[in-house]
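1. one predicted model, sequence on top.
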Amino acid sequence: MDLKFNKNEDFNKLELSDLKTKLIKVYKGGGDKNNEKHKTKGKLTARERISFLFDKNSNSIEIGALAGDEMYVEHGGCPSGGVIVKIGYIHKKLCIIVANDATVKAGAWFPITGKKNLRAQEISIENKLPIIYLVDSAGVYLPMQDEIFPDKEHFGRIFRNNAIMSSMGITQIAAVMGSCVAGGAYLPIMSDEAIIVDQTGSIFLAGSYLVKAAIGENVENETLGGATTHCEISGVTDYKAKDDYDALNKIKNIISKIGDFDKAGFNRIKAEKPISNPETIFGILPTLRTEQYDMLDIIKNLVDNSEIEEYKQDYGKTLICGYGRIDGWAVGIIANQRKVVKNAKKEMQFGGVIYSDSADKATRFIANCNQKKIPLVFLQDVTGFMVGSKSEHGGIIKDGAKMVNAVSNSVVPKFTVIIGNSYGAGNYAMCGKAYDPRLIVAWPSAQLAVMGGEQAAKVLLQIETSSLLKRGEIITEEKEQEILQHIQQKYDKQTSPYYAAARLWTDAIINPLDTRKWISMGIEAANHAPIEKQFNLGIIQV
């Protein structure tokens, strides 16, 4: 191994170490003190509940672990958005679990909490996965009610989705393991079956204090909406559980009896590990997002037997398109080539840039994968489409639009991995969040922005200095550098993968070595939902 490889490896493993350190803190939810207080009530933590439900020694993936990261600081923060979402196996059946974390502001709903719950339901709907709600929440976080209550993608959308999912035949099971109040009380009751834990679970539209204020009635919460009330008097819930373990075992029993599902029929054979050692990814990936590397070297560490059959290998070279397998599943891979290449005219083409010929190739490849019912995997390290008079005269906008059209209308499941840059329209063409990937994850090396930091900072500097000059201020070279540095720092923070993950622009930041697991489980989930639409590009300019 050369010196550059070793430097890359050291840098990328430090980045991974930073991710692991941040996740360890996040996994504690509201912190050690709040966790201990929670357990004194005889309750398991949200993560313990999920762990007990999942089959032992089985794979699982977590959606939005970093949601809310460094957000709502003035309100004390909201680790993981105050709700845990994981996909895993119960009695070998793939399910998605949504568990309120009552150690974070008593499980109250922040704006990001609502967004994360909706993302969980979206995954369930797209893949027709059974969904389990472990309810332990004080309801909407009132100081921010205007950002969580009234809009289309806010709190109420969840109950609308409950109804839609029920009509689709998607299994929904709810266990009330703590508070379940106000509008939130509809969630378990709009599920197929509801369990409530005796003495710790409660469901009511208004608690005892509000009842007293509203109608003058004196009543205790347990009498108002405890397990005995709802299992013996109101009939609101279906099962009474003596404790958390009993409730979780009841869920397991229900899941164990669910019938088989109709399959989409994606091709899978016996899985093979890559021949290349996946650990070499850390040495291949450069320390700077502007440096070149061969994306094929990355791909060979992700696919079975390190084999990829390239489509149009010598055409449109800044995009790699090819067929391979990941954990036995057949996939179509579209990846940005990050090294400088030459086209047929011996002209130099920049790595990470999408040219007209590359966009044309990708459009055709997407159509082929849709015809063959092969899931698509996008590996992003893209700076955008090629600009300049030559590209404009050659119709780069038209060719880019064709690619965006194909990505938009693709009916096979899509999965996106942001490895490095994810800038501007390149993000769109390579199946960014707006283009409905079933799962979208980032490596610690990722950067998301409308354009690269250096270019953006220079543009913003011109705007800022122009504004200051109009006000009659004198801009010295030192002042200009000060402004540039301030802009650069702010912009760099916003391009960080953590900034994106906090806002759920991605589902997770992952260890690159877990990429195969994420894609494999994603395709397995997608296999639960037969494709019902035909691939149709509509009207495009040829």
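-> Nice, I can see it.

2. show me the helices in the stretch 1-150 of the chain, by range?
-> According to DSSP state H, counting those that start in this stretch, the stretch 1-150 of the chain carries its helices in the segments 3-26, 32-39, 46-53, 111-127.

3. so which of those gets nearest I510?
-> Nearest of these to I510, taken as C-beta to C-beta: helix 3-26 at 8.3 Å. No exception for glycine: its C-beta is placed from N, CA and C like everyone else's.

4. phi and psi next, for G68.
-> Dihedral pair for G68: phi 80, psi 0, per degrees, to the nearest 10.

5. re earlier: possible to save the helices of the stretch 1-150 of the chain as TSV with mean pLDDT, mean neighbour count and distance to A406?
-> Below are these laid out as TSV (pLDDT from 0 to 100; neighbours: other C-beta atoms under 10 Å; distance: least, C-beta to C-beta, whole Å):
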stretch	mean pLDDT	mean neighbour count	distance to A406
helix 3-26	97	14	32
helix 32-39	94	14	48
helix 46-53	98	21	38
helix 111-127	97	21	19
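
6. among those, which comes closest to I233?
-> helix 46-53 (26.9 Å).

7. and that closest one, what does it pack against?
-> Using 3 or more C-beta pairs under 8 Å, 6 or more residues apart in numbering; DSSP states H and E, the elements in contact with helix 46-53 are strand 83-90, strand 93-100, strand 131-137, helix 244-256.

8. export the ones you listed to a markdown table and append columns for mean pLDDT and mean neighbour count.
-> Below are these laid out as a markdown table (pLDDT from 0 to 100; neighbours: other C-beta atoms under 10 Å):
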| stretch | mean pLDDT | mean neighbour count |
| --- | --- | --- |
| strand 83-90 | 98 | 23 |
| strand 93-100 | 98 | 23 |
| strand 131-137 | 96 | 27 |
| helix 244-256 | 98 | 18 |
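
9. and of the ones you listed, who's closest to M348?
-> Closest approach to M348 among the helices and strands packed on helix 46-53 (C-beta to C-beta): strand 83-90, 43.6 Å.

10. same for that closest one, what does it pack against?
-> The contact analysis (3+ C-beta pairs under 8 Å, 6+ apart) places strand 83-90 against helix 46-53, strand 60-63, strand 93-100, helix 111-127, helix 244-256.

11. how about it as CSV, C-alpha atoms only?
-> Backbone C-alpha positions of strand 83-90 (Å, rounded to 0.1, in the frame of the first residue of the first chain) are rendered in CSV as follows:
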residue,chain,number,x,y,z
VAL,A,83,-38.6,8.4,18.4
ILE,A,84,-36.8,5.3,17.3
VAL,A,85,-37.5,3.7,13.9
LYS,A,86,-35.9,0.4,13.0
ILE,A,87,-36.5,-2.3,10.3
GLY,A,88,-35.8,-5.9,11.3
TYR,A,89,-37.2,-9.4,11.7
ILE,A,90,-39.9,-10.7,14.0
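
12. now the angle between helix 244-256 and it, please.
-> Interaxial angle of strand 83-90 relative to helix 244-256 (axes from the mean of the first three to the mean of the last three C-alpha atoms, to 10 degrees): 50 degrees.

13. how far out from the middle of the chain is strand 83-90?
-> Offset of strand 83-90 from its chain centre (C-alpha atoms, centre = their mean, to the nearest Å): 13 Å.

14. in its sheet, what does that strand sit against?
-> Strand pairing for strand 83-90, using DSSP bridges, gives strand 60-63 (antiparallel), strand 93-100 (antiparallel).

15. please name whichever of the helices of the stretch 1-150 of the chain is nearest to K414.
-> For the helices of the stretch 1-150 of the chain, proximity to K414 was assessed by C-beta to C-beta; helix 111-127 is nearest, at 10.6 Å.

16. gap between S391 and G352?
-> 15 Å (C-beta to C-beta, to the nearest Å).

17. more crowded one of these two?
-> G352 (24 against 17; other C-beta atoms under 10 Å).

18. the more buried one reaches N421, doesn't it?
-> Yes. Here G352 reaches N421: they are 6.1 Å apart, a contact under C-beta atoms under 8 Å.

19. could you list the low-pLDDT ranges of this structure?
-> Along the chain, the parts satisfying pLDDT under 70 run over 1, 183, 451-460, 540-542.

20. now the farthest one out in it, which residue is it?
-> G472 (47.1 Å; C-alpha atoms, centre = their mean).

21. okay, now K257: neighbour count?
-> By other C-beta under 10 Å, the residues close to K257 number 7.

22. over to G226?
-> For G226, using other C-beta under 10 Å, the count is 22.

23. please name the residues that touch the residue nearest to it when sequence neighbours are not counted.
-> Spatially, and ignoring its direct neighbours in sequence, G226 is nearest to S202 (5.4 Å; C-beta to C-beta, 6 or more residues apart in numbering). Neighbouring residues of S202 by C-beta atoms under 8 Å, 6 or more residues apart in numbering: V176, G178, S179, C180, V181, I196, N221, E222, L224, G225, G226.
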